[in-house]
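Participant: I'll drop the sequence and a predicted model, then ask my questions.
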Amino acid sequence: MRFKPIKPKKISSQIADQIRASILAGDFSPGDKLPPERELAEMFGVSRPSVREALNMLSASGMVMSYQGGGTVVLSLLDMDKDNALSDLIRRQQERALDVMEVRKGLESWTAFYAAQRADQEDIQRMDEILASMQHRDDGVAPPEDLDANLHIVIARATHNVVWLHLMQSIFDAMREFQRSVWRAVYLTMEDRKLLLEHHQEVVAAIKIADPEAARAAMLKHLNFAERRSMAYVSLNMDQKQH
């Protein structure tokens with residue numbers, strides 16, 4: 001029997017392993033930018049060529065994509081970006097967005113369930129920050145529909161299950177254009193916005209007290225409401241096209 005000499009692992013491979021582990025732990029969501037090469041080199045205490053080689057390895061595996069002058073962006077593990085078939089289908093047939101809403105009801109009610117079991121203090125703090133921004137919508141932090149989507153993504157992150165996180169991010173990316181249209185068309189009054197805020201507060205409150213069933217029920221209540229509003233928007237558009 002012949003044994004082969006053990007070779008030290010390349011520095012770039014070690015860097016790639018750590019970044020990969022961080023992505024899989026949910027530290028970075030799809031669409032997030034990694035720190036610039038220079039910062040990564042300082043953080044790891046290595047040269048920039050080693051960092052560049054590590055990023056190339058991750059890019060080849062489909063976990064990130066580097067853009068000239070635009071940094072390195074984390075990709076979805078599910079390979080669903082804004083130009084995929086689902087987002088295109090929703091653009092062409094808006095009623096298909098209602099199919100996605102049905103799927104969201106099943107997925108997100110259980111996302112809230114697991115978030116209530118696993119959320120840590122950092123997760124709760126993120127939720128509270130978004131709720132605070134929702135209460136002060138004129139602070140310029142983000143449009144209301146983006147705050148809504150961000151809260152749902154943070155709840156998915158709180159499951160500490162990277163598949164939940166990437167799946168929910170991919171769905172929201174595909175639905176982004178439709179959701180913004182719904183917001184502009186049917187959430188017109190302060191009463192509508194107040195009701196949505198109350199729905200989100202109920203979900204977060206249940207997560208805070210670690211009550212999975214209450215969190216699941218609150219999320220389902222919210223999504224049933226959102227589904228009805230989405231149906232109203234699709235029906236209105238279809239009526240306009242027929243006349």
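Facilitator: In hand now; what should we look at?
Participant: Spatially central residue in the chain, please.
Facilitator: Gln169 (3.1 Å; Cα atoms, centre = their mean).
Participant: right, and it touches Arg157 too?
Facilitator: No. Contact status for Gln169 versus Arg157: not in contact, 9.2 Å apart, counting by Cβ atoms under 8 Å. (Each C-beta comes from the backbone N, C-alpha and C, glycine too.)
Participant: Now for the two: what residues contact both?
Facilitator: Ser29 (Cβ atoms under 8 Å, 6 or more residues apart in numbering).
Participant: how about the strands in the chain?
Facilitator: 64-67, 71-74 (DSSP state E).
Participant: just the ones you listed: most buried one?
Facilitator: Mean neighbour count (mean count of other Cβ atoms under 10 Å) peaks for strand 71-74 among these, with a mean of 19.
Participant: model confidence over it, on average?
Facilitator: Strand 71-74 shows a mean pLDDT of 88 in the predicted model.
Participant: next one: that strand to chain centre, how far?
Facilitator: From the chain centre to the centre of strand 71-74 is a distance of 16 Å (Cα atoms, centre = their mean, to the nearest Å).
Participant: How about stretch 181-192?
Facilitator: 22 Å.
Participant: what's it in contact with?
Facilitator: Residues from elsewhere that reach stretch 181-192, judged by Cβ under 8 Å, 6+ apart: Pro143, Pro144, Glu145, Asp148, Arg193, Leu196, Arg229, Ser230, Ala232, Tyr233, Leu236.
Participant: Which positions in that stretch come out as buried?
Facilitator: Within stretch 181-192, the residues scored as buried using 16 or more other Cβ atoms under 10 Å are Ser181, Val182, Trp183, Val186, Tyr187.
Participant: Check stretch 214-226 too.
Facilitator: Residues of stretch 214-226 classed as buried: Ala214, Ala215, Arg216, Ala217, Ala218, Met219, Leu220, His222, Leu223, Ala226 (neighbour count, 16+ other Cβ under 10 Å).
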